[in-house]
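>>> coordinates for the following, if possible.
(one chain, ligands or ions: 1)
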Amino acid sequence: MGSSKPRQLLLFDIDGTILLSDGIGRRLLDEALAARFGPKVTSDGVNFTGRTDYAIVGDALRNHGICSSEHTQLILQILDDYSARAQDRILPSDVRLLPGVDRLLQRLHLHSGVQLGLLTGNLKATAYFKLEAAGIASLFPFGAFGNNHADRNALPALAWAQAYEHDGTRYAGQDTVIIGDSVHDVRCGRAAGAFCVAVATGHTSATVLSAEAPDLLLADLSDADYFCSAVLGSAPPMPPVPDCNDSPMNQR
Ligand SMILES: [Mg+2]
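Numbers count the residues shown, from 1 in each chain. Next up is the predicted model:
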């Protein structure tokens with residue numbers, strides 16, 4: 001490895017962090033559940049915040065006593081149907097970028113020391129439908145998604161593999177930043193040994209996020225200057241060892 005400062009991999013969550021989508025995901029998922037099991041089977045009572053779509057569908061099925069030996073297959077079929085329904089149904093009017101996000105992402109995209117990626121509980125397809133509707137899909141060349149694993153904490157390793165394929169860099173926890181709006185994002189980042197940024201623009205309050213002890217807690221992502229200095233300065237080069245001649249003892 002060279003002596004220059006390594007690039008940092010910034011992995012962004014989507015819902016509540018980059019954008020809000022006014023529950024379109026839940027509505028389309030409920031359509032897929034109803035198409036398979038009838039209108040009484042819904043995702044009501046299932047907590048979506050910070051969780052993978054795979055885990056969400058698993059909970060919905062369990063809540064309705066739908067457990068079979070083909071549980072995994074069933075979840076994947078529901079997710080396929082959800083994804084197909086989402087293809088033409090997530091419109092620009094369904095998504096709203098959160099304050100300052102567009103400016104911050106454009107700036108990070110241009111930063112030579114930054115690689116952007118996604119770490120989200122969304123399916124890959126629906127993640128990109130949302131980002132395309134918001135006009136920012138091209139900023140995220142890869143990511144780890146809710147169809148890759150039910151457990152969010154398994155996603156950083158998958159994101160590192162994708163990043164290696166993309167830019168040939170072997171990232172690890174110490175050069176990864178995970179940015180999200182839920183306690184699950186912070187716990188995922190912590191488990192990965194990453195720098196954890198929590199942003200209180202989703203369904204989780206700053207007080208609750210604070211209890212998870214993220215490395216940085218922000219009300220929103222509107223202050224790009226502060227974000228860049230706090231996050232990209234999080235692993236500064238070691239200060240140079242002072243030359244003896246620079247010692248105050250030697251200054252007259
Ligand atoms: Mg989120």
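>>> so who does residue 71 touch?
Residue 71 is in contact with 58, 61, counting by CB atoms under 8 Å, 6 or more residues apart in numbering. Glycine gets a C-beta too; all of them are placed from N, C-alpha and C.
>>> if you could redo that for residue 7, that was the one I meant.
Contact partners of residue 7, counting by CB under 8 Å, 6+ apart, are 112-115, 167, 169, 171, 175.
>>> which two from those end up farthest apart in space?
112 and 171 (15.6 Å; CB to CB).
>>> mind listing which of the contacts of residue 7 are in helices?
If you go by DSSP state H, the contacts of residue 7 have residue 167 in helices.
>>> just the residues contacting stretch 77-85, thanks.
Outside stretch 77-85, the residues that touch it by CB under 8 Å, 6+ apart are 28-29, 31-33, 35-36, 53-54, 57, 61, 123, 125-126, 147.
>>> likewise stretch 213-229?
Stretch 213-229 is contacted from outside by 17, 98-101, 103-104, 107-108, 111, 179, 186, 189, 195-201, 206, 209-210, 230-231, 234, using CB under 8 Å, 6+ apart.
>>> for that stretch, measure first residue to last.
19 Å (CA to CA, to the nearest Å).
>>> what does the average pLDDT come to for that stretch?
Averaged across stretch 213-229, the pLDDT comes to 95.
>>> would you list every one of the strands in the stretch 51-200 of the chain?
Applying DSSP state E, counting those that start in this stretch to the stretch 51-200 of the chain gives strands spanning 96-97, 114-119, 143-144, 176-180, 195-199.
>>> reformat these as CSV; add mean pLDDT.
Shown next, in CSV, are the strands of the stretch 51-200 of the chain (pLDDT from 0 to 100):
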stretch, mean pLDDT
strand 96-97, 98
strand 114-119, 97
strand 143-144, 96
strand 176-180, 98
strand 195-199, 97
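>>> out of the ones you listed, which gets nearest to the ion?
The minimum distance between the ion and the strands of the stretch 51-200 of the chain falls on strand 176-180, with 5.5 Å, by CB to the ion.
>>> on that earlier part again, tell me which of the contacts of stretch 77-85 is nearest to the ion?
residue 53 (11.9 Å).
>>> which residues does that closest one contact?
Residue 53 is in contact with 25, 29, 79, 82, 121-123, 126, 146-147, counting by CB under 8 Å, 6+ apart.
>>> then residue 231?
Neighbour list for residue 231: 8, 10, 177, 195, 197, 216 [criterion: CB under 8 Å, 6+ apart].
>>> could I get these as CSV with neighbour count?
Compiled in CSV, those are given as follows (neighbours: other CB atoms under 10 Å):
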residue, neighbour count
8, 22
10, 24
177, 21
195, 24
197, 27
216, 16
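>>> of all those, which comes closest to residue 90?
Sorting the contacts of residue 231 by how near they are to residue 90, with CB to CB, puts residue 10 at the top with 23.9 Å.
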